[in-house]
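A.B. asks: sequence and predicted structure below; questions after.
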Amino acid sequence: MNLNHYTRRHTSEVRIGECRIGGNNPIAVQSMTNSATADIEQSVTQIERIADAGAPIVRLTAQGRKEGEAFAQIVERLRADGYRTAVVADIHFVPEIASIAADYVDKVRINPGNYRTEGGDLERLIAKCRRRGVALRIGVNHGSLARHIFDRYGDTPQGMVASAIEFLRICAQEDFHQVVVSMKSSNTRVMVHAYRLLVEQMEREGMHYPIHLGVTEAGNGLEGRIKSAVGIGALMADGIGDTIRVSLTEPPQNEVPVAQLLVNHFAEREGHFEVAHPERYSPFEYRHRTTIQTPVTHDEADERFMVVEATSANPTAEWRAALLDAEPSQPIIIRRRYEDADLETLAVCAAADMGALFLDGLADGIWIDAPQHPAEEIRRIELAILQAARVRISQTEYIACPSCGRTLYDIEGALAEIKARTSHLKGLKIGVMGCIVNGPGEMVDADYGYVGAAAGRITLYKGREVVARNIPQEEALDALVELIKANGDWQEA
Ligand code: SF4
């Protein structure tokens, strides 16, 4: 990573069907279906919708043999309809399903946290992928690290890197290089530091695998977009990332324009900024530069604060150089003018530019200069960026998965209703997850959890503990509110 100017990290090229990522290829956007994968009709319709929105890569979950076999028809139908979209199978737990899916798809994603390495399963999958020209993603999730990794490192960025490297070394030993790697978390700070650590470790080992970026469980609406943009943007500003997914708890095609906006936003990153004190910076940890406890929005700042405005085409590097040069005790507000007429575009671009300065602990205040928009909307975006960067909590935090073929209830509707009832509970973290298999692990951070257990059934969690199982969805929201009240975390709106 170059602190002085933007350079895109050099990676090897990986072929995913007709799409190529890494090397000199543009950053590819992708999304994932949330229909039942074995429902061929629905799956093909969703893939085509996502492709029409502009994504060349689409992923589908495959939890069992039926879903693995369904790829044969899905791919056939898709090609018959004239779509060249690359199809990816998402596999957890069952190596046999990865092997079945690899007969039909262009890429297989496995999670090292729940995929066996002993017994030669990975070597056999690699051999099959090699025969058919199928790519492999080693997709680490913060919330589902393998037991031996967790015992040694805890759920830390270091643990995530160790998890990926263990699998990448096997790929390298097998001389298999059609490999992509990801390190997702719903905690943007963990996610950003994990990816940067991974890149450093890969460089040390001479590995140039392309990187898939994403923030998991980002939620929906403006806040979901901002959270994704803070995490993904911080890394894109470092030149990291060959393919990206913006996960939203919304119809999957909604993810594509947001991801494309991020790609376009980072297409031009010009400017050279001398960093006088590189020793003050670490890309791998949060180092609070000043003693200001809580970063401010621009309307809250007092006379102690100095304003640093970025005007170049690479605002993140421009601010970082200025902040590292400034007196360590001087509180600084970062400011930039955004001319966008559309509030969502403005929010995504500002989050992508500014988030890194808060994730790394450098800036003390945020000033989005956009007089074309109402001041209260701008303040909401400023607060959401600070919250997404985990430096100031001013709203309820929703850790909501985008849902996938494992989801058996109306998660979008549920999230909307849960938000309507609980959005005044400032500082509370509520997990809203599609399935009981991966959901509980992925929402480790949440105070309360609302998790799909079976068709139309919800299981409620307090922290990591199950408190009510298999409640009908119609009763689950009231039960969640009662649970929050019973634990003394409720406030009247
Ligand atoms: S937690 Fe959500 S996105 Fe992840 S596997 Fe379960 S339903 Fe799918």
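C.D. replies: In hand now; what should we look at?
A.B. asks: quick check, pLDDT for whichever residue of the stretch 351-493 of the chain sits closest to the ligand.
C.D. replies: Using Cβ to the nearest ligand atom, the single residue of the stretch 351-493 of the chain nearest to the ligand is residue 434, 2.5 Å away. Quick note: C-beta positions are derived from backbone N, CA and C, even for glycine. The score at residue 434 is 96. That number is its pLDDT.
A.B. asks: residues making contact with the lowest-mean-pLDDT helix or strand in the chain?
C.D. replies: None of the helices or strands of the chain scores lower by mean pLDDT, DSSP states H and E than helix 439-442, at a mean of 90. Applying Cβ atoms under 8 Å, 6 or more residues apart in numbering, the external contacts of helix 439-442 come out as 141-144, 186, 216-217, 399, 401, 431, 433, 449, 451-452, 461, 464.
A.B. asks: for the next helix or strand along the chain from that helix, which positions count as buried?
C.D. replies: The helix or strand immediately downstream of helix 439-442 is strand 448-454, counting by DSSP states H and E. Buried residues in strand 448-454, defined by neighbour count with 16 or more other Cβ atoms under 10 Å: 448-453.
A.B. asks: could these go into CSV alongside distance to the ligand?
C.D. replies: Shown next, in CSV, are the buried residues of strand 448-454 (distance: Cβ to the nearest ligand atom, whole Å):
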residue, distance to the ligand
448, 16
449, 11
450, 12
451, 8
452, 7
453, 11
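A.B. asks: want to throw these into JSON lines with pLDDT?
C.D. replies: Shown next, in JSON lines, are the buried residues of strand 448-454 (pLDDT from 0 to 100):
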{"residue": "448", "pLDDT": "98"}
{"residue": "449", "pLDDT": "97"}
{"residue": "450", "pLDDT": "98"}
{"residue": "451", "pLDDT": "97"}
{"residue": "452", "pLDDT": "97"}
{"residue": "453", "pLDDT": "96"}
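A.B. asks: can you report how many residues lie near residue 422?
C.D. replies: Using other Cβ atoms under 10 Å, residue 422 has 20 neighbouring residues.
A.B. asks: return the residues of this structure in contact with the ligand.
C.D. replies: Listed as neighbours of the ligand in the chain under the rule Cβ under 6 Å from any ligand atom: 401-404, 406-407, 433-435, 438-439, 442.
A.B. asks: so which of those residues are in helices?
C.D. replies: 439, 442 (DSSP state H).
A.B. asks: quick one, phi psi at the most centrally placed residue in the chain?
C.D. replies: Residue closest to the average C-alpha location in the chain (Cα atoms, centre = their mean): residue 215, at 1.2 Å. Main-chain dihedrals, residue 215, degrees, to the nearest 10: phi -100, psi 130.
A.B. asks: again with residue 179
C.D. replies: Given degrees, to the nearest 10, the pair of backbone angles that residue 179 has is phi -130, psi 140.
A.B. asks: who does it form a beta bridge with?
C.D. replies: Beta-bridge partners of residue 179, counted by DSSP bridges, are residue 136.
A.B. asks: so the residue of the chain positioned farthest from its centre: helix, strand or coil?
C.D. replies: Distance from the C-alpha centroid of the chain peaks at residue 303, with 36.8 Å (Cα atoms, centre = their mean). Look at residue 303: counting by DSSP: H, G, I helix; E, B strand; the rest coil, its state is coil.
A.B. asks: how much space between it and residue 416?
C.D. replies: Counting by Cβ to Cβ, to the nearest Å, the gap from residue 303 to residue 416 is 43 Å.
A.B. asks: hang on, the earlier thing: can you pick out the ones from the contacts of helix 439-442 that are in strands?
C.D. replies: Counting by DSSP state E, the part of those found in strands is 141, 399, 431, 433, 449, 451-452, 461.
A.B. asks: in which helix or strand does residue 88 reside?
C.D. replies: With DSSP H and E as criterion, residue 88 is part of strand 86-91.
A.B. asks: go on, residue 485?
C.D. replies: Going by DSSP H and E, residue 485 is in helix 473-486.
A.B. asks: low pLDDT regions in the stretch 251-400 of the chain?
C.D. replies: Along the stretch 251-400 of the chain, no part satisfies pLDDT under 70.
A.B. asks: how is the chain carved up into domains?
C.D. replies: 14-265, 278-388, 397-486 (automatic domain parsing).
A.B. asks: and these, which is most packed in?
C.D. replies: Comparing those by mean neighbour count (mean count of other Cβ atoms under 10 Å), domain 14-265 ranks first with a mean of 21.
A.B. asks: for the residues of the chain next to the ligand, which one is nearest residue 29?
C.D. replies: When these are compared for distance to residue 29 (Cβ to Cβ), residue 402 wins out at 14.2 Å.
A.B. asks: quick check on the closest residue to the closest one other than its chain neighbours: phi, psi?
C.D. replies: Distance criterion Cβ to Cβ, 6 or more residues apart in numbering; nearest residue to residue 402, sequence neighbours excluded, is residue 247 at 4.1 Å. Dihedral pair for residue 247: phi -80, psi 120, per degrees, to the nearest 10.
A.B. asks: turn the domains of the chain into CSV, columns for distance to residue 8.
C.D. replies: Output for the domains of the chain, formatted as CSV (distance: least, Cβ to Cβ, whole Å):
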stretch, distance to residue 8
domain 14-265, 4
domain 278-388, 13
domain 397-486, 27
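A.B. asks: still on that earlier bit, in three-state terms, label the residue lying closest to the residue nearest to the centre of the chain once chain neighbours are set aside for me.
C.D. replies: In space, and not counting its chain neighbours, residue 215 is closest to residue 231: 3.9 Å by Cβ to Cβ, 6+ apart. Look at residue 231: counting by three-state DSSP, its state is helix.
A.B. asks: do you know how far residue 231 is from residue 188?
C.D. replies: From residue 231 to residue 188 the distance is 4 Å (Cβ to Cβ).
A.B. asks: residue boundaries of the helices in the stretch 101-250 of the chain?
C.D. replies: Secondary structure of the stretch 101-250 of the chain (DSSP state H, counting those that start in this stretch): helices at 121-132, 147-153, 157-173, 188-204, 221-237.
A.B. asks: as CSV, those with mean pLDDT would be great.
C.D. replies: Formatted as CSV, these follow (pLDDT from 0 to 100):
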stretch, mean pLDDT
helix 121-132, 96
helix 147-153, 95
helix 157-173, 97
helix 188-204, 97
helix 221-237, 97
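A.B. asks: format those as a markdown table; extra columns: distance to residue 355.
C.D. replies: Below are the helices of the stretch 101-250 of the chain laid out as a markdown table (distance: least, Cβ to Cβ, whole Å):
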| stretch | distance to residue 355 |
| --- | --- |
| helix 121-132 | 35 |
| helix 147-153 | 25 |
| helix 157-173 | 17 |
| helix 188-204 | 7 |
| helix 221-237 | 3 |
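A.B. asks: do you know which of the ones you listed lies nearest residue 22?
C.D. replies: Residue 22 sits nearest to helix 188-204 of all those, at 12.4 Å, using Cβ to Cβ.
A.B. asks: packing partners for that closest one?
C.D. replies: Under the contact definition 3 or more Cβ pairs under 8 Å, 6 or more residues apart in numbering; DSSP states H and E, helix 188-204 sits against helix 157-173, strand 179-184, helix 221-237, helix 343-359.
A.B. asks: can you name every helix or strand that the third one contacts?
C.D. replies: So the one you mean is helix 221-237. Looks like helix 221-237 contacts helix 188-204, strand 212-213, helix 255-265, helix 315-325, helix 343-359, helix 375-388 (3+ Cβ pairs under 8 Å, 6+ apart).
A.B. asks: could you redo the last one with a cut-off of 7 Å?
C.D. replies: Here helix 221-237 touches helix 188-204, helix 255-265, helix 343-359, helix 375-388, going by 3 or more Cβ pairs under 7 Å, 6 or more residues apart in numbering; DSSP states H and E.
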